[in-house]
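In: with the sequence up front, the predicted model follows.
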Amino acid sequence: MRLWWKQAFGHSVNEGDSLELVQRRIYVLPSARGWSVIVIAIVLLLVGVNYQLSLAYVVSFLLGGLLQVALHATYRNLRGAVIRVGKSPRVIAGETLQFAISVASPERAREGISITRLALTGRAQRAALFNAPRIRLAADAIRLYPIDVTTTKRGIVSLGRVLIESRAPYGLIRAWSYANFEWIGWVEPKPEMPYPELPHAVGEDAKTTAKQDVAHDPDSLREYVPGDSLKRVAWKHVAKSGEWYTRTGEIGQRGEVDLRWDATQLSDTEARLARMAAWIDRARNEGVAFSLTLPNAQLPLADSAPHHDEALMSLAAFPTPVGEVRGVRR
C-alpha cells in the first residue's frame with residue numbers, strides 16, 4: 001500500500017524513459033469555478049424544493065449534468081497520454097537549463113495540458129503553476145514541452161517530480177497526475193575570462209605541447225565517413241567532384257597538452273574549475289588535443305567532440321565521477 005502511494009503521487013522514481021497516464025494515476029476534483037457551479041446547483045435545488053419551482057429544478061439538474069460531462073471529458077483529456085524524457089541538457093552556470101519533455105497523444109486529440117516542476121516552494125510554486133503554458137495536441141501527435149530551470153552555480157540539477165495537469169475543456173474540473181523520472185542536467189562552470197594560456201607540459205614524458213607531425217603523403221584520401229572531423233575533409237576535392245573525401249595523413253601541426261588539476265596554481269575549488277573549463281574550451285577552439293587529470297576523472301589524449309563534452313561533464317559533476325552520476329540520459 002505504501003509503495004503504491006509513493007508511485008501514484010510521484011514520490012518514487014519512475015523506471016524507464018516513458019510513462020503512460022493510466023486510470024490509477026489520474027486524480028480529479030472540481031476547480032474553483034467548478035465548486036461555484038456546485039454551490040449554485042445546490043442552492044437552486046433547495047429553492048425548487050421549498051418553493052416548488054420547476055425552472056429551479058431544471059437549471060439545477062442541467063448544472064449537475066454539465067459537471068458530470070466536464071468530469072468525464074477532462075479525465076479523458078489526460079488518460080492515455082504518454083510522457084517521455086529526452087537527453088540530459090547541458091548549460092554554463094548562469095544560463096537557463098531546459099528539460100525537453102515530449103507528450104504523445106495516441107488515439108485522440110487533447111488540449112489544455114500543462115507540465116510543471118514541483119521543486120519550487122511557496123509563492124514561486126504558485127506562480128509557476130499559474131503561468132505554465134498549456135498545449136494542444138492533435139491525434140497521434142507528439143509535442144515537446146520544455147521546462148526551464150534557472151541556474152546560478154555549477155553542479156548537477158535533477159528535474160524531480162513534475163505535475164501534469166488539465167482543466168480543459170470547460171475549466172470546471174481539474175485533472176492531474178505526477179511523474180518522477182531519474183533525469184539530471186549538467187551545469188558546467190563558467191570559464192575564466194579572458195581565456196588563460198594553455199599550460200605547457202613538463203617532464204620527459206611530455207616534452208612539448210605542440211608537436212609537429214607532417215605527413216609523408218598529406219593528400220592520401222579515403223571516402224568520407226559520417227563522424228569524421230570537418231577539419232580533415234578535402235574541401236578542394238569536394239568542390240571539384242562533389243564527392244566527399246577525408247585526408248588520412250596528419251596535416252600540418254597538431255598541438256597536444258596535458259591539463260592537470262595541480263597545474264591551475266589556484267587554491268579555490270570553483271576558481272580551479274573555471275580555469276580548467278577555459279583551458280578545455282581553448283584547446284577545442286584551437287584544435288589542440290588534450291588529456292585531462294582531475295581528482296574525479298582521468299581522460300586520455302584526444303581531440304574529438306565527445307572527449308570535449310566528457311571533460312566538461314567531469315567539471316560539472318566534481319567531485320563525483322561522471323560514471324557514478326545517476327539519471328544521465330544520452
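Out: Structure received.

In: residues in contact with N77?
Out: Taking Cβ atoms under 8 Å, 6 or more residues apart in numbering, we find N77 in contact with 110-113, 166, 168-169, 175. From N, CA and C alone the C-beta is placed, and that goes for glycine too.

In: let's see 6 Å
Out: 110, 166, 168 (Cβ atoms under 6 Å, 6 or more residues apart in numbering).

In: so the residue nearest to the last one when sequence neighbours are not counted is in which element?
Out: The one in question is A168. Spatial nearest neighbour of A168, excluding adjacent residues (Cβ to Cβ, 6 or more residues apart in numbering): G112 at 2.9 Å. Per DSSP states H and E, G112 falls inside strand 110-117.

In: what about that strand, average pLDDT?
Out: With pLDDT averaged residue by residue, strand 110-117 scores 94.

In: do stretch 125-139 as well
Out: Averaged across stretch 125-139, the pLDDT comes to 89.

In: hmm, back to that, in PDB, list the C-alpha atoms belonging to the strand holding G112.
Out: Written as PDB, here are the backbone C-alpha positions of strand 110-117 (Å, rounded to 0.1, in the frame of the first residue of the first chain):
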ATOM      1  CA  ARG A 110      -6.100  16.700 -26.500                       C
ATOM      2  CA  GLU A 111      -5.900  20.300 -25.300                       C
ATOM      3  CA  GLY A 112      -5.000  22.400 -22.300                       C
ATOM      4  CA  ILE A 113      -2.200  20.100 -20.900                       C
ATOM      5  CA  SER A 114       0.500  21.700 -18.800                       C
ATOM      6  CA  ILE A 115       3.500  20.300 -17.000                       C
ATOM      7  CA  THR A 116       5.100  22.000 -14.000                       C
ATOM      8  CA  ARG A 117       8.200  21.200 -12.000                       C
END
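
In: where does this structure dip in pLDDT?
Out: By pLDDT under 70, the weakly predicted segments of the chain are 1-11, 200-220, 225-232, 247-254.

In: could you chop it up by domain?
Out: 1-188, 252-324 (automatic domain parsing).

In: residue contacts, the spatially closest residue to A132 that is not a sequence neighbour?
Out: Nearest residue to A132, sequence neighbours excluded (Cβ to Cβ, 6+ apart): S114, at 4.1 Å. S114 makes contacts with 132, 134, 165, as judged by Cβ under 6 Å, 6+ apart.

In: a strand runs through V187, doesn't it?
Out: Yes: the assignment for V187 by DSSP: H, G, I helix; E, B strand; the rest coil puts it in a strand.

In: for the closest residue to it other than its chain neighbours, grab phi and psi.
Out: Nearest non-adjacent residue to V187, counting by Cβ to Cβ, 6+ apart: T151, 4.8 Å away. In terms of degrees, to the nearest 10, the main-chain angles of T151 are phi -110, psi 150.

In: many thanks, have a good one.
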